[in-house]
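1. Mind folding the following:
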Amino acid sequence: MKLSGRERRLLGFLGLVAALLALRMAWQGVSAGSGAGFAAPGAAPSGARRSAGSSRRNGSIPTEILVLRTDRLDPGPTRDLEVGRDPFRFAPLPLPPAPPGPSAEELARRLEEEAERRRLAEQRVAELGPQPPEVDVRFLGSFGPRQRRIAVFADATGANVYDAREGDTVDDRFVVERIGYESVDIGFVGFPDVPARRLGLAP
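-> Model prediction:
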C-alpha cells in the first residue's frame, strides 16, 4: 500500500514519540537500580522507609496500619432550623402585644382613692356653706333718665325679658345694685355679704 507524504510524516512523528518514551523508561530503570545498589551497609532499605501513602501510590502493599479516628467524623449536635418569614412575601408587621391591665388590687386601690377625693370635695363644700347661684342672665342695655334708668335683662334662652331699676330683683335671685350705660352691678338675693357681680352688654 502506498502512503501519502502526510501519512509518512505522521508515522515518523509517532515513531519518534515512541522512541523518546522508551528512552525515558530505560533511564528511570537505570536510576532506580543504581540507587538500590549503592545503599549504605546496615541502612534500612529504601522501600521500608517509604510511607504508607507513597506505597499505595506506587502500587505496593502498605506496611503501616493507620487508626481511623471515628470521633472526628461526628459533626456534633445539630440544631433545628425554624422557618421564618418569607422575604418575598410582603405583609404588615404584627402589632406589639397590648400592655397588661391593672390587677384587682390596683383597681380596688384606684376606687378607694376616687371615693376619698369625692368625700373631701363634698366636705369642703359643706364647710363653705351655701353658695350664691350662677349668673345666667344677660344685660341687654338700659334706657330712661339718668336718675331713673331702667335696665333690661334676658335669661339664657332669650325667652324671658326683665325690666328693673336699681334695688329691684330679677328672676327672684338677683338684685340690681347699680345701672350704668354699658354695664350693671347685680347682687344675690339672700347673700348680702357676697360682692356684686358686674355684667357688660351682651353681644
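
2. avg pLDDT for the longest helix along the chain?
-> Assignment by DSSP state H gives helix 5-37 as the longest helix of the chain. On average, the pLDDT along helix 5-37 is 72.

3. next one: stretch 158-177
-> Across stretch 158-177, the average pLDDT comes to 91.

4. Buried ones in stretch 191-198, by neighbour count?
-> By neighbour count on 16 or more other CB atoms under 10 Å, the buried set for stretch 191-198 is empty. Yep, even glycine has a C-beta here, placed from its N, CA and C like the rest.

5. Report the backbone C-alpha coordinates of that stretch in CSV.
-> Only the C-alpha atoms of stretch 191-198 are listed here, as CSV (Å, rounded to 0.1, in the frame of the first residue of the first chain):
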residue,chain,number,x,y,z
PHE,A,191,-76.3,86.7,100.2
PRO,A,192,-75.8,90.3,101.3
ASP,A,193,-72.1,89.7,102.1
VAL,A,194,-71.2,88.3,98.7
PRO,A,195,-69.7,91.1,96.5
ALA,A,196,-71.7,92.3,93.5
ARG,A,197,-71.0,90.9,90.0
ARG,A,198,-70.6,93.3,87.1
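
6. tell me the contacts of residue 144?
-> residue 150 (CB atoms under 8 Å, 6 or more residues apart in numbering).

7. and the gap between it and residue 201?
-> Distance of residue 144 to residue 201, computed by CB to CB, to the nearest Å: 16 Å.

8. what does residue 99 give?
-> 54 Å.

9. And what about residue 136, helix, strand or coil?
-> Using DSSP: H, G, I helix; E, B strand; the rest coil, the structure places residue 136 in coil.

10. Which of the three states applies to the nearest residue to it once chain neighbours are set aside?
-> In space, and not counting its chain neighbours, residue 136 is closest to residue 156: 4.8 Å by CB to CB, 6 or more residues apart in numbering. Following three-state DSSP, the label given to residue 156 is coil.

11. count of neighbours near residue 156?
-> 10 (other CB atoms under 10 Å).

12. That one against residue 171, yeah?
-> No. Judged on CB atoms under 8 Å, residue 156 makes no contact with residue 171 at a distance of 10.7 Å.

13. which residues are common contacts for the two?
-> Taking CB under 8 Å, 6+ apart as the criterion, residue 156 and residue 171 both touch residue 137.
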